[in-house]
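S.K.: I'd like to go over a predicted model; first the sequence, then the structure.
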Amino acid sequence: QVQLVESGGGLVQTGGSLRLSCAASGRTVSRNAMAWFRQAPGKEREYVAGITYSAGSTYYAPSVKGRFTISRDNAKNTVYLQMNSLKPEDTAVYYCAASGYSGYIGQNMDYWGKGTLVTVSS
């Protein structure tokens with residue numbers, strides 16, 4: 001099992017920045033591909049960004065490309081999501097997720113955190 005705990009959410013004004021962190025624990029944590037998803041009220045969950053274990057491959061949703069950056073520190077078992085130029089439409093609960101496969105980029109994740117709320121005020 002892999003446990004994931006997100007942090008760093010909060011209230012920010014339009015144009016501001018936040019950095020989300022996801023601390024992972026459990027067996028073979030550092031071998032997991034990781035991802036961030038988000039779900040806004042009344043909307044479906046959206047795959048925001050993904051990163052392989054080696055960080056050799058990343059994915060960004062078109063809605064965040066150029067504004068968000070996913071990264072990881074395998075020594076700290078932590079993945080980050082740097083969010084810049086935030087917009088009100090970025091308001092959502094952000095979830096960290098992990099795959100049992102180190103090289104996976106996609107939406108079929110095996111482990112999920114409980115989420116952290118990001119609110120962007122206009």
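M.R.: Looks like it came in fine. Numbering: from 1, shown residues only.

S.K.: list the buried residues for stretch 86-95?
M.R.: 86, 90-95 (16 or more other Cβ atoms under 10 Å). For glycine as for every other residue, the C-beta is placed from the backbone atoms N, C-alpha and C.

S.K.: hmm, I typed the wrong one, I wanted stretch 39-46.
M.R.: So stretch 39-46, judged by 16+ other Cβ under 10 Å, has buried residues residue 46.

S.K.: now it: how far from the chain's centre is it?
M.R.: Between the centre of stretch 39-46 and the centre of its chain there are 15 Å (Cα atoms, centre = their mean, to the nearest Å).

S.K.: same deal with stretch 50-67?
M.R.: Using Cα atoms, centre = their mean, the offset of stretch 50-67 from its chain centre is 10 Å.

S.K.: just stretch 14-23 next, same as before
M.R.: Distance, centroid of stretch 14-23 to centroid of chain: 10 Å (Cα atoms, centre = their mean).

S.K.: show me where the chain has its helices.
M.R.: Assigned by DSSP state H, the chain shows no helices.

S.K.: where in it is pLDDT low?
M.R.: By pLDDT under 70, the weakly predicted segments of the chain are 27-30.

S.K.: residue nearest the centroid of it?
M.R.: residue 36 (2.5 Å; Cα atoms, centre = their mean).

S.K.: what's opposite that one in the beta bridge?
M.R.: Residue 36 has these beta-bridge partners by DSSP bridges: residue 49, residue 96.

S.K.: contact partners for it?
M.R.: Residues in contact with residue 36 (Cβ atoms under 8 Å, 6 or more residues apart in numbering) are 20, 22, 48-50, 70, 79, 81, 94-97.

S.K.: and which of the residues you listed is nearest to residue 61?
M.R.: residue 48 (5.3 Å; Cβ to Cβ).

S.K.: closest one of the buried residues of stretch 86-95 to residue 122?
M.R.: residue 91 (9.6 Å).

S.K.: is it true that the closest one touches residue 43?
M.R.: No: using Cβ atoms under 8 Å, residue 91 is not in contact with residue 43, being 10.3 Å away.

S.K.: of the buried residues of stretch 86-95, closest to residue 7?
M.R.: Looking across these and measuring by Cβ to Cβ, the closest to residue 7 is residue 94, at 10.4 Å.
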